[in-house]
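Peer 1: Quick one, fold the following:
(2 chains, ligands or ions: 2)
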Amino acid sequence: MATLEIRDLHVSVDTENGPKEILRGVDLTIAGGQTHAIMGPNGSGKSTLAYSIAGHPKYNVTSGTVTLDGEDVLDMAVDERARAGLFLAMQYPVEVPGVSVSNFLRTAKTAIDGEAPKLRTWVKDVNKALSDLDMDSDFGNRNVNEGFSGGEKKRHEIVQLELLNPKIAILDETDSGLDIDALKIVSTGVNRFAEKGDKGVLLITHYTRILRYIKPDFVHVFVDGKVAEEGGAELADELEANGYERFLKAAAK
Amino acid sequence: MSTETLVATGNKAHSHGPGSPVPLQARSERPTSYDVDVFPVPNGREEEWRFTPIKALKGLFEDTEPTETPKIDASGPERVTIETVVADALKVLTPQDRPSAIAWKQSPSALAVRIPNEAELTEPVHVNVASLGGRGYTHLIIEAGRHSRGLVIIDHTGAGELASNVEIKVGDGAELRVVSIQQGDHDSLHLAQHDSLVGRDAKLKHVVVTLGGKVVRINANVRYAGPGGDAEFLGVYFAEGGQHHEHRLFVDHEATNCKSNVLYKGALAGDHARSVWIGDVLIRAAAEGTDTFELNRNLVLTEGARADSVPNLEIETGEIEGAGHASATGRFDDEQLFYLQARGIPEDAARRLVVSGFFNDIIGKIGVPEVVEHLHEVIETKLARTAELSASAKAALGQ
Ligand SMILES: Nc1ncnc2c1ncn2[C@@H]1O[C@H](COP(=O)(O)OP(=O)(O)OP(=O)(O)O)[C@@H](O)[C@H]1O
Ligand SMILES: [Mg+2]
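Peer 2: Numbers count the residues shown, from 1 in each chain, chains lettered A, B, ... in the order given. Ligands and ions are numbered 1, 2, ... in the order given. Next comes the predicted model:
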């Protein structure tokens, strides 16, 4: 069973005034077959957690461990983490001028699988993944994320999720900026991925509306760089009703 | 002897991307002449020399006989005539600086490539110029007859110091593509002036590919002989440590309803890799209906490299279709690298993808398969070398 284990993770970023600690001891275990939601106020460190797991060079892990099926993730380069089975759908997907989506997808798939995909089935797979996310096959000829609307960028992330088929997917606010139809389409895509079995999903979100379509097994409230409380889907409803106030007070103590 | 002065009025200052200065550059009072003495030996403070490492060019400022005759191999389809002619057979070009005037004077004859009227070439003309290690001068004339279509590829290789003049005349209604590749050895010097005259309703695509050489400096100028002309100027360069690649353009719009489009893109990697791009466009009062755009982009891949980019647009008439320019110099974007790596693509391959993406549009526009293929190969080699260098630099730092 696929398992991502995060233990006592501390992460800081370099600022003009020296290092600033953002994650202060995160503990989290995501196993295949589970969907976790992380909710928390702006600036609490949710994206920092996602980026640190993916290996963004801006974030320095000062202590703690992250393992995937027992393998030390922190010791791997960014691309090695992806090949090991981690996927991060980014809050702000990056534009790559001059690189077509189809070239990008093929290059990524080849890197992940260690061999080039079979041309015939691949073209079909790409077109299906695009149309599943309600994206025209013309997107294949466009440059990666260049000129994409906010919603198109998010859908493109899920296209990649489905094609690259990782073990663990971290979705950083994939729901924000989506209209209600797009939200359903994206949620359906994530569920399709999860139903392949033995897939772990970590969903970072501000809103419970996506949790109507993607049912979390666990909800974690993230405050001030760590998990403040854990519960089931009902915790999300409480947050929706009362906000983060109770947790912020607790953190301030 | 003729002396012509190009006067540009109303200089405007523009911003040219992060960190670059805003020079007030006048095209005015810049003589062109066949007389070497009109051009004193540059001291490096002149507007047209201030970016150039003139110390390295001493030999090419000396008005002396060549020490070698560069080896030229020219071949093309049967209908094309390739022959030696007297130097002043065409005179589309008037030297604009000392090396060009010296090259003109010191090469008593020129090689002329002539595409007959209405000929439609299906194969390119190749002109291979090899500098053997001494100092040499070349003079090339390319004439495309009325309503002809053709492609001429000039390939410069070798070890020495070369100054060359290239004259290009595109006959009325003709379509000519000229590709000039500069890929001399690491210590070679190459100064060149290319002057083009585009006929009525004619089309010129002028492509410069600069990949090698210690100092390469190309002045590319275009004028229009009649209305309806269309000139596209494309340039690709990749300067590595210790290389200086300089491209200067001057598009002179005087005829009505002519078009010009300039697109130059360059990458720089390594210590003291240097590029200079100057794009002067002058729309004279008579040039109504002009449509012009120029764009230069530079991608700085490592520390220690520097790109200067100065577009200049002078407009003397309001009756134009459009005029615009843009210039940007950016560092390699680590976020792009992260995004690609986060999808499993190894760092080297991700870097290659970003750089080939940067060049993708211009390479597509070049549209000459043999040139495009070669360009891809050389870019790959250069990127591999850059990766090696940065890997060994990291190792030296004990990272
Ligand atoms: N270079 C930096 N210098 C100072 N602070 C930084 C730097 N980079 C990130 N931070 C801070 O780290 C904190 C956590 O940021 P992060 O993006 O992880 O928050 P988030 O929980 O994802 O917020 P949001 O819900 O708004 O997306 C923020 O307060 C942010 O300002
Ligand atoms: Mg965030």
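Peer 1: Where does B:L204 sit, in terms of helix or strand?
Peer 2: Assigned by DSSP states H and E, B:L204 falls within strand B:203-210.
Peer 1: next one: B:A393
Peer 2: Using DSSP H and E, B:A393 falls in helix B:369-396.
Peer 1: Kindly export the strand holding B:L204 (C-alpha atoms) in CSV.
Peer 2: The C-alpha coordinates for strand B:203-210 follow below in CSV (Å, rounded to 0.1, in the frame of the first residue of the first chain):
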residue,chain,number,x,y,z
LYS,B,203,10.1,39.8,-50.2
LEU,B,204,13.3,39.3,-48.4
LYS,B,205,13.8,37.0,-45.5
HIS,B,206,17.3,37.6,-44.0
VAL,B,207,18.3,35.1,-41.3
VAL,B,208,21.4,35.4,-39.1
VAL,B,209,22.6,32.5,-37.1
THR,B,210,25.5,33.3,-34.9
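Peer 1: Paired strands for that strand, with orientation please.
Peer 2: strand B:175-182 (parallel), strand B:230-240 (parallel) (DSSP bridges).
Peer 1: Give me the helices and strands touching the host helix or strand of A:E162, please.
Peer 2: If you go by DSSP H and E, A:E162 is part of helix A:150-164. In terms of contacts (3 or more C-beta pairs under 8 Å, 6 or more residues apart in numbering or on different chains; DSSP states H and E), helix A:150-164 is packed against strand A:86-89, helix A:101-113, helix A:119-132, strand A:168-172, helix A:180-194. Yep, even glycine has a C-beta here, placed from its N, CA and C like the rest.
Peer 1: Which among these is found nearest to ligand 1?
Peer 2: Among the helices and strands packed on helix A:150-164, strand A:168-172 comes nearest to ligand 1, with 7.2 Å by C-beta to the nearest ligand atom.
Peer 1: between the closest one and helix A:180-194, how big is the angle?
Peer 2: Strand A:168-172 runs at 160 degrees relative to helix A:180-194, counting by axes from the mean of the first three to the mean of the last three C-alpha atoms, to 10 degrees.
Peer 1: So which elements touch strand A:168-172?
Peer 2: Applying 3+ C-beta pairs under 8 Å, 6+ apart, we find strand A:168-172 packed against helix A:46-54, strand A:86-89, helix A:150-164, helix A:180-194, strand A:200-205.
Peer 1: Would you format these as JSON lines with mean neighbour count and distance to B:T210 included?
Peer 2: Converted to JSON lines, the helices and strands packed on strand A:168-172 look like this (neighbours: other C-beta atoms under 10 Å in any protein chain shown; distance: least, C-beta to C-beta, whole Å):
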{"stretch": "helix A:46-54", "mean neighbour count": "24", "distance to B:T210": "38"}
{"stretch": "strand A:86-89", "mean neighbour count": "26", "distance to B:T210": "40"}
{"stretch": "helix A:150-164", "mean neighbour count": "22", "distance to B:T210": "36"}
{"stretch": "helix A:180-194", "mean neighbour count": "18", "distance to B:T210": "46"}
{"stretch": "strand A:200-205", "mean neighbour count": "24", "distance to B:T210": "47"}
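Peer 1: Could you export those as TSV, including distance to B:R223 and mean pLDDT?
Peer 2: As requested, the helices and strands packed on strand A:168-172 are exported to TSV (distance: least, C-beta to C-beta, whole Å; pLDDT from 0 to 100):
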stretch	distance to B:R223	mean pLDDT
helix A:46-54	55	97
strand A:86-89	54	98
helix A:150-164	46	97
helix A:180-194	54	96
strand A:200-205	60	97
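Peer 1: quick one: low-confidence parts of the chain?
Peer 2: Answering for chain A, as no chain was given. Low-confidence segments of chain A, defined by pLDDT under 70: A:251-253.
Peer 1: Chain B was what I was after
Peer 2: B:1-29, B:398-399.
Peer 1: related to what we said a few turns ago, which residues sit against the strand holding B:L204?
Peer 2: Here strand B:203-210 makes contact (C-beta atoms under 8 Å, 6 or more residues apart in numbering or on different chains) with B:168, B:170, B:174-183, B:194, B:196, B:198, B:216, B:218, B:220, B:222, B:229-239, B:245, B:247, B:264, B:366, B:368, B:371, B:375.
Peer 1: So which other helices or strands are in contact with the helix or strand hosting B:Q193?
Peer 2: Using DSSP H and E, the element containing B:Q193 is strand B:189-198. Contacts defined by 3+ C-beta pairs under 8 Å, 6+ apart place strand B:189-198 against helix B:58-61, helix B:98-106, strand B:161-170, strand B:175-182, strand B:203-210, strand B:215-224, strand B:230-240.
Peer 1: got TSV for these, with mean neighbour count too?
Peer 2: Formatted as TSV, the helices and strands packed on strand B:189-198 follow (neighbours: other C-beta atoms under 10 Å in any protein chain shown):
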stretch	mean neighbour count
helix B:58-61	16
helix B:98-106	23
strand B:161-170	27
strand B:175-182	24
strand B:203-210	24
strand B:215-224	24
strand B:230-240	23
